[in-house]
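K.L.:
sequence unknown, structure follows:
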């Protein structure tokens, strides 16, 4: 049984193995406050070891995903000096790392403002769905600051050449351009088609064995940092364990018996 934390800046709904997490500060276009960062990290902690939660859907309330960092938090840190700014900034980077490493499939539903920190969250999702009218951008340099924690994730997502262009011009662009850049996987023209696409994606995720998905995600991420030979050796060990394990046995039997495996909800 999953025990979710109490949250003031998030709406949580766990249904049919999917945890829907809604950023809920609509008055500020869901700007990322330090409190929201802490609550998101607590939510990720709560499901870290529970693969009954198959997917995490991130979206925003009030027609916007996330307009970036909370300027009030930045103003509040000013009196404490550079150390406070460093801590505030690094906390968001830690959230991005944690979200990227989550064993669940992270799905981002991107509407309205997808700026700064919201852009960073989009970059660590496994699957991103955008409304055609969403507005993406990295506005940090127009404020005299830099996208410090976001930059590495943006480069990994869309490549260095495009990341340089977007970060150094603060250019705004829509969902169709986000699709062209490879930032998102789907771009939909209406609320109804966006919801239909989300249902389709979640249905596909439910066909996949949860532990196999978690290990596959970790394997894919490891290709960016581990040497090929040792990585393939470890992958072979994982494959052997999976084939002879519970999911592999169930999957094989289901195929032979022409039925759905038990995890296919």
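P.N.:
Great, that's in hand. Everything numeric here is computed off the predicted structure, so don't read it as measured data.
K.L.:
Neighbours of residue 163, how many?
P.N.:
Residue 163 has 22 neighbouring residues, counting by other C-beta atoms under 10 Å. In short, each C-beta sits where N, CA and C put it, glycine included.
K.L.:
What does the pLDDT read for it?
P.N.:
Per-residue pLDDT puts residue 163 at 98.
K.L.:
What ranges does the chain have for its strands?
P.N.:
10-15, 18-23, 55-60, 105-110, 113-115, 127-131, 135-137, 186-188 (DSSP state E).
K.L.:
Now mean neighbour count and distance to residue 220 too, for those, in a markdown table please.
P.N.:
Shown next, in a markdown table, are the strands of the chain (neighbours: other C-beta atoms under 10 Å; distance: least, C-beta to C-beta, whole Å):
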| stretch | mean neighbour count | distance to residue 220 |
| --- | --- | --- |
| strand 10-15 | 14 | 26 |
| strand 18-23 | 22 | 21 |
| strand 55-60 | 24 | 16 |
| strand 105-110 | 25 | 12 |
| strand 113-115 | 27 | 24 |
| strand 127-131 | 25 | 13 |
| strand 135-137 | 21 | 24 |
| strand 186-188 | 22 | 19 |
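K.L.:
Pipe these into TSV and attach mean pLDDT per row.
P.N.:
Formatted as TSV, the strands of the chain follow (pLDDT from 0 to 100):
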stretch	mean pLDDT
strand 10-15	97
strand 18-23	98
strand 55-60	98
strand 105-110	98
strand 113-115	98
strand 127-131	98
strand 135-137	98
strand 186-188	98
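K.L.:
Dump those into JSON lines; add distance to residue 243 as well.
P.N.:
Shown next, in JSON lines, are the strands of the chain (distance: least, C-beta to C-beta, whole Å):
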{"stretch": "strand 10-15", "distance to residue 243": "31"}
{"stretch": "strand 18-23", "distance to residue 243": "28"}
{"stretch": "strand 55-60", "distance to residue 243": "25"}
{"stretch": "strand 105-110", "distance to residue 243": "22"}
{"stretch": "strand 113-115", "distance to residue 243": "40"}
{"stretch": "strand 127-131", "distance to residue 243": "26"}
{"stretch": "strand 135-137", "distance to residue 243": "42"}
{"stretch": "strand 186-188", "distance to residue 243": "33"}
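K.L.:
where does this protein have low pLDDT?
P.N.:
Applying pLDDT under 70 to the chain picks out residues 75-80.
K.L.:
Could you state which residue of it sits nearest its centroid?
P.N.:
residue 125 (2.8 Å; C-alpha atoms, centre = their mean).
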